[in-house]
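K.L.:
What follows is a predicted structure for the sequence shown.
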Amino acid sequence: MNERDVSLISRAQLAHYAEVSRAAVTNWQKRSSDFPEPADAANELFELGQVADWLSTRAVPANARHPHEPVGTTYADRVRANAVNRSAAETPRPSSAPSELKSGPDEDETQRRVWRWLDLLRGHLHVSETCEVLLALLHMCAMHETAWQKLVQQAGRPADLPEEAAEVLSPQTHALLARVSAATFCELTGEIARLGAGDQRRERLADAFDYTLSAQATALGKRGGNFRTPDAVVATAFGLLTFENTVHHVHDPFCRRGEFLVAAHRWLRSAAPSTRLRFSGTSHTSEDAKRNLEIHDVDSEILGGPISPGVLPDLPYADILLTNPPFNHRRPSAPPDERGLPYGIPPESNSNFAWLQHAIAMLATDGRAVVVMSPSAAYSTNTRENSIRASMVEDGTVEAVVALPRQLFTETAIAVNLWLLCPPRGHCSEVLLVDASELGGMVSRTRRSLSAEDVGAIRTAYRAWRAGAFDESAKPGIGRAVGIEEIREREYSLHPPSYILDSSGSADAEAPARYAELTRRLSVLEARIPQVDARTRHLLKEIDEWMR
């Protein structure tokens with residue numbers, strides 16, 4: 001949880017996070033006229049971010065500081081750290097994915113170790129920095145054994161790294177380690193070394209790396225920018241893929257930290273261990289992606305540098321393409337590539353249909369793509385976007401659209417859709433629309449996740465449709481196979497909830513007009529998202545610099 005997310009807490013919770021008595025919180029409120037007003041007055045609940053900001057000028061007295069807390073520690077530091085740790089404890093584990101995506105022994109024990117290590121570093125580094133250091137050390141232990149052994153032997157001097165370790169760690173990580181006490185560093189490296197000893201050492205270290213990535217996404221929130229795709233979304237995307245033909249090349253055109261490629265490698269290696277596979281991707285954070293893929297033993301080709309949707313990389317066509325691109329962002333100004341934008345150039349204000357066309361253009365003859373996309377792409381009334389969507393549908397490239405629930409992501413509460421795409425067929429008879437927006441359950445106050453049963457229901461609906469045996473009555477309300485005539489009548493809208501009738505089977509006569517007005521308003525609001533996000537990132541950067 002990012003303390004700037006809207007999260008309401010009581011006085012008792014604030015006292016717990018700040019490690020003070022409830023009476024102290026009451027005194028803060030009574031004696032300070034600038035103490036934040038309750039965001040929920042009826043229940044006396046305060047917004048965590050506002051309270052943390054107020055506490056940022058109140059240093060913890062020397063006689064109340066913990067041994068690991070440096071001079072100048074504020075109550076805000078405590079609140080933020082404890083709030084993140086509490087959220088992390090509530091974060092759904094990667095093992096919530098279906099069984100074919102699971103890996104690693106004793107995941108509960110590994111998770112417990114990770115939170116202990118982050119807590120060890122917490123008194124020396126900001127919570128996001130603790131994750132960066134831990135990721136670097138886990139990767140070194142797994143992939144650079146000689147450098148790791150040298151580091152462990154010299155663990156008492158974290159500021160003076162042996163030459164072998166200094167060549168592996170980045171200068172930024174080296175600078176962070178210099179702020180860690182010798183005793184803490186020695187304890188931390190010793191515990192990681194014990195985890196990385198014996199049988200299945202790589203699997204244990206990779207699991208710890210996964211959990212640390214989840215913690216990093218939680219800590220950074222929107223400030224992380226390149227956030228991680230949740231395991232529930234990765235698992236659902238895989239549920240929409242069928243493998244009638246041999247898979248040779250898996251590609252992710254915006255692979256973030258490589259989570260889709262890692263999952264693809266894990267699944268395909270178990271399903272077809274003798275097949276020679278190629279994994280590739282492009283990433284703004286190519287080094288992070290490479291490190292994640294290396295520790296999971298994925299031999300991959302990751303391209304760095306600027307990424308422009310619609311400008312195709314010099315790579316073979318993909319049998320499987322999975323991606324979670326940055327949607328609702330402005331389209332880069334790179335010259336358009338006709339191969340990558342076969343259905344037209346989208347408006348400069350939004351790159352959604354550049355990414356969707358990019359995915360189609362990268363597919364091999366029998367390939368399939370699953371793209372995580374903003375719901376607005378399914379119903380946008382922008383003239384150019386609507387024209388592109390209509391052309392894609394008529395050309396048979398859109399097989400299915402799945403509406404997923406809100407709150408699956410750590411960094412944002414927005415819902416997403418999954419678009420299942422295929423190469424052009426020249427015609428379309430129907431499209432499967434699945435409304436899974438009500439599936440899943442809350443795993444914390446701000447996070448939702450999909451169970452294996454939820455993922456299975458979506459997968460079953462799609463595979464039954466592909467087999468020509470889809471029965472809408474089998475699970476009422478989850479999906480419909482919508483004929484092309486109806487889609488044309490609705491001006492090529494592919495918004496699943498608008499096609500799913502209520503359980504009684506009766507339609508509201510006024511629903512189409514209300515739906516048209518709501519989609520228009522949503523399009524206007526979502527067009528403003530990039531500007532609002534840019535301004536928010538700028539302000540958060542200023543605040544971070546001021547706090548440092």
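P.N.:
Great, that's in hand. Numbering: from 1, shown residues only.

K.L.:
show me where pLDDT drops low in the stretch 51-200 of the chain?
P.N.:
Where the stretch 51-200 of the chain drops to pLDDT under 70, the residues are 67-69, 83-108, 155-159.

K.L.:
if we go to 50?
P.N.:
Applying pLDDT under 50 to the stretch 51-200 of the chain flags residues 87-105.

K.L.:
for the stretch 351-500 of the chain, same thing?
P.N.:
Checking the stretch 351-500 of the chain against pLDDT under 50 turns up nothing.

K.L.:
if you go through it in chain order, where are the strands?
P.N.:
For the stretch 351-500 of the chain, the strands defined by DSSP state E, counting those that start in this stretch occupy 363-373, 398-403, 417-421, 430-435, 441-442, 448-449, 479-483.

K.L.:
Any chance of CSV for the ones you listed, columns mean neighbour count?
P.N.:
Backbone N, C-alpha and C define where each C-beta goes, glycine included. Listed next are the strands of the stretch 351-500 of the chain as CSV, based on neighbours: other Cβ atoms under 10 Å:
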stretch, mean neighbour count
strand 363-373, 21
strand 398-403, 24
strand 417-421, 23
strand 430-435, 23
strand 441-442, 12
strand 448-449, 22
strand 479-483, 20
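
K.L.:
Indicate which one of those strands is closest to A18.
P.N.:
A18 sits nearest to strand 441-442 of all those, at 25.8 Å, using Cβ to Cβ.

K.L.:
burial count for A237?
P.N.:
Using other Cβ atoms under 10 Å, A237 has 27 neighbouring residues.

K.L.:
just the CA coordinates of the helix or strand hosting it, formatted as CSV?
P.N.:
Assigned by DSSP states H and E, A237 belongs to helix 231-239. Provided in CSV are the C-alpha atoms of helix 231-239 (Å, rounded to 0.1, in the frame of the first residue of the first chain):
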residue,chain,number,x,y,z
ASP,A,231,-0.5,-13.0,-10.9
ALA,A,232,-4.3,-13.3,-11.2
VAL,A,233,-4.1,-11.3,-14.4
VAL,A,234,-1.2,-13.4,-15.8
ALA,A,235,-3.0,-16.6,-14.9
THR,A,236,-6.3,-15.5,-16.6
ALA,A,237,-4.4,-14.4,-19.7
PHE,A,238,-2.9,-17.9,-19.9
GLY,A,239,-6.3,-19.4,-19.5
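
K.L.:
Which elements pack onto that helix?
P.N.:
Helices and strands touching helix 231-239, as assessed by 3 or more Cβ pairs under 8 Å, 6 or more residues apart in numbering; DSSP states H and E, comprise helix 259-271, strand 318-323, strand 363-373, strand 417-421, helix 452-466.

K.L.:
mind giving me CSV with the strands of the stretch 351-500 of the chain and columns for distance to L151?
P.N.:
Output for these, formatted as CSV (distance: least, Cβ to Cβ, whole Å):
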stretch, distance to L151
strand 363-373, 38
strand 398-403, 46
strand 417-421, 42
strand 430-435, 49
strand 441-442, 41
strand 448-449, 36
strand 479-483, 53
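
K.L.:
right, and these - which one's nearest G196?
P.N.:
With Cβ to Cβ as the criterion, G196 lies closest to strand 448-449 of the strands of the stretch 351-500 of the chain, at 29.1 Å.

K.L.:
Now tell me what touches the closest one from outside.
P.N.:
92, 96, 230, 232, 405-408, 440-443 (Cβ atoms under 8 Å, 6 or more residues apart in numbering).

K.L.:
Show me the two of those that sit farthest apart.
P.N.:
The most distant members of the contacts of strand 448-449, if one measures by Cβ to Cβ, are S96 and R406, lying 17.2 Å apart.

K.L.:
Can you pick out the residue with more neighbours from the two?
P.N.:
Between S96 and R406, counted using other Cβ under 10 Å, the more crowded position is S96 (18 against 14).

K.L.:
Assess the claim that A217 and T410 are in contact.
P.N.:
Yes: counting by Cβ atoms under 8 Å, A217 touches T410, with 4.8 Å between them.

K.L.:
Mind checking which of those two has more residues around it?
P.N.:
More crowded of A217 and T410, by other Cβ under 10 Å: T410, with 29 against 24.

K.L.:
Verify the contact between that one and A232 for me.
P.N.:
No: with contacts counted by Cβ under 8 Å, T410 stays clear of A232, the gap being 11.6 Å.

K.L.:
quick revisit: quick one: the helix holding A237 to helix 452-466, angle?
P.N.:
Orientation check (axes from the mean of the first three to the mean of the last three Cα atoms, to 10 degrees): helix 231-239 against helix 452-466 gives 20 degrees.

K.L.:
And the next helix or strand past helix 231-239?
P.N.:
Next along the chain after helix 231-239, with elements defined by DSSP H and E, is strand 249-252.

K.L.:
who does that next one pair up with?
P.N.:
For strand 249-252, the paired strands and their directions (DSSP bridges) read strand 278-282 (parallel), strand 318-323 (parallel).

K.L.:
Redo those as CSV? Include distance to P424 and mean pLDDT.
P.N.:
Shown next, in CSV, are the strands paired with strand 249-252 (distance: least, Cβ to Cβ, whole Å; pLDDT from 0 to 100):
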stretch, distance to P424, mean pLDDT
strand 278-282, 23, 90
strand 318-323, 15, 94
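
K.L.:
For burial, what's the neighbour tally of V233?
P.N.:
Quick note: V233 (other Cβ under 10 Å) scores 24 neighbours.

K.L.:
Likewise for R339?
P.N.:
Per other Cβ under 10 Å, the neighbour tally for R339 reads 13.

K.L.:
show me the residues around it that make contact.
P.N.:
For R339, the contacting residues are 312, 361, by Cβ under 8 Å, 6+ apart.

K.L.:
any idea what it is structurally, helix, strand or coil?
P.N.:
coil (DSSP: H, G, I helix; E, B strand; the rest coil).

K.L.:
And it, how close does it get to S270?
P.N.:
Distance, R339 to S270, by Cβ to Cβ, to the nearest Å: 34 Å.

K.L.:
Helices of the stretch 1-150 of the chain, residue ranges please.
P.N.:
11-18, 22-31, 48-55, 75-90, 107-122, 127-143, 145-153 (DSSP state H, counting those that start in this stretch).

K.L.:
counting contacts, what elements does the third one pack onto?
P.N.:
Right, the one you point to is helix 48-55. strand 8-9, helix 75-90.

K.L.:
Let me know the angle separating that helix from helix 22-31.
P.N.:
80 degrees.

K.L.:
which residues sit in contact with the residue nearest to E491 when sequence neighbours are not counted?
P.N.:
Nearest residue to E491, sequence neighbours excluded (Cβ to Cβ, 6 or more residues apart in numbering): N386, at 6.7 Å. N386 makes contact with 380, 491-492 under the criterion Cβ under 8 Å, 6+ apart.

K.L.:
ok, so what distance separates N386 from H427?
P.N.:
Relative to H427, and taking Cβ to Cβ, N386 is found at 20 Å.

K.L.:
Same question for R331.
P.N.:
From R331 across to H427, the span is 29 Å (Cβ to Cβ).

K.L.:
out of these two, which sits in the more crowded spot?
P.N.:
Taking neighbours as other Cβ under 10 Å, R331 and H427 compare with R331 leading, 21 against 9.

K.L.:
check contacts around the nearest residue to that one once chain neighbours are set aside.
P.N.:
Once flanking residues are discounted, R331 sits nearest to S351: 4.1 Å by Cβ to Cβ, 6+ apart. Neighbour list for S351: 309, 325-327, 329-332 [criterion: Cβ under 8 Å, 6+ apart].

K.L.:
Got the domain ranges for the protein?
P.N.:
Listed domain ranges for the chain are 8-87, 94-224, 231-509 (source: automatic domain parsing).

K.L.:
Need these in CSV (columns: distance to L525).
P.N.:
Formatted as CSV, these follow (distance: least, Cβ to Cβ, whole Å):
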stretch, distance to L525
domain 8-87, 22
domain 94-224, 17
domain 231-509, 9
